[in-house]
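In: Pasting the sequence and the predicted coordinates here, then a few questions.
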Amino acid sequence: MKDPKKPFITKQHESLRRFFKVIGPILVLIGIFLMVKGVAPLFSPMSFGPEPNTFYLAFIGMPITFVGFFLSGLGYGGKLAKYQAREYTPVAKDSFNYFTKESQEGIRNLSTAMREGNETGYTCPNCGATHQPDSKYCTQCGKPLYKSCTSCNETNTRDAIYCDNCGSSL
Ligand SMILES: [Zn+2]
Ligand SMILES: [Zn+2]
């Protein structure tokens, strides 16, 4: 795990990004200016006869504009990424912790319920009281909680369908 207090970006990168943020838009403006200046005479109705060839300015302006956009993207993109990291990471961490805590509690409750279910085992068919699986008589109403085999008199659990000693139907 990374130290959350440790900044994502080093000071050097920070100043580089600041530089990009400034120089990027400037390059975009210069590039657009050069392109417009280079292309403008082509659309000018006043341009008759031999014109000073300014079209090369457009060729210079284009890559400058692209570089400007690229640097702006680096500068502002980095800021955006950092912002997202700072704003969303704690939220994500919190929800993860919440989720983990909830799941742990859920699993604990489930295992408790399962354990209790195993422990309580049988319900008295007469009064509904719960008993240990090995209880022979209901502690609340005194009725037998087992089945006696009619053939061999073996004591079977209440949910047994066949005698565990002789196999007779109960
Ligand atoms: Zn009972
Ligand atoms: Zn039997």
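Out: Alright, I've got the coordinates. Ligands and ions are numbered 1, 2, ... in the order given.
In: Name the residues of the chain found near ligand 2, please.
Out: Contact residues (Cβ under 5 Å from the ion) of the chain with ligand 2: 149, 151-152, 154, 163, 165-166, 168. C-beta here means a position set from N, CA and C on the backbone, and glycine is covered the same way.
In: How is the protein partitioned into domains?
Out: 11-119, 121-170 (automatic domain parsing).
In: Selecting buried members of the residues of the chain next to ligand 2 in PyMOL, what would you type?
Out: Command for PyMOL that selects the buried part of the residues of the chain next to ligand 2, burial taken from 16 or more other Cβ atoms under 10 Å:
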select buried, resi 149+154+163
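In: Any stretches of this protein with poor pLDDT?
Out: 1-11, 43-53, 78-93, 95-96, 99, 110-122 (pLDDT under 70).
In: need the strands for it, in chain order.
Out: Secondary structure of the chain (DSSP state E): strands at 122-123, 130-131, 146-148, 155-157.
In: quick one: the second one near ligand 1?
Out: No - under the criterion of Cβ under 5 Å from the ion, ligand 1 is not reached by strand 130-131; the shortest gap measures 8.0 Å.
In: same for that strand, what does it pack against?
Out: Applying 3 or more Cβ pairs under 8 Å, 6 or more residues apart in numbering; DSSP states H and E, we find strand 130-131 packed against strand 122-123.
In: Try it again at 10 Å.
Out: Other helices and strands packing on strand 130-131, by 3 or more Cβ pairs under 10 Å, 6 or more residues apart in numbering; DSSP states H and E, are helix 55-120, strand 122-123.
In: Look at Gln12 and say how many residues are nearby.
Out: For Gln12, the count of nearby residues is 8 (other Cβ atoms under 10 Å).
In: what about it, distance to Ile32?
Out: Taking Cβ to Cβ, to the nearest Å as the measure, Gln12 falls 30 Å from Ile32.
In: What about ligand 1: which of the residues of the chain next to ligand 2 touch it?
Out: Counting by Cβ under 5 Å from the ion, no member of those reaches ligand 1.
In: Throw the residues of the chain next to ligand 2 into JSON lines and include distance to Tyr137, thanks.
Out: Shown next, in JSON lines, are the residues of the chain next to ligand 2 (distance: Cβ to Cβ, whole Å):
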{"residue": "Cys149", "distance to Tyr137": "17"}
{"residue": "Ser151", "distance to Tyr137": "22"}
{"residue": "Cys152", "distance to Tyr137": "21"}
{"residue": "Glu154", "distance to Tyr137": "17"}
{"residue": "Cys163", "distance to Tyr137": "20"}
{"residue": "Asn165", "distance to Tyr137": "20"}
{"residue": "Cys166", "distance to Tyr137": "23"}
{"residue": "Ser168", "distance to Tyr137": "23"}
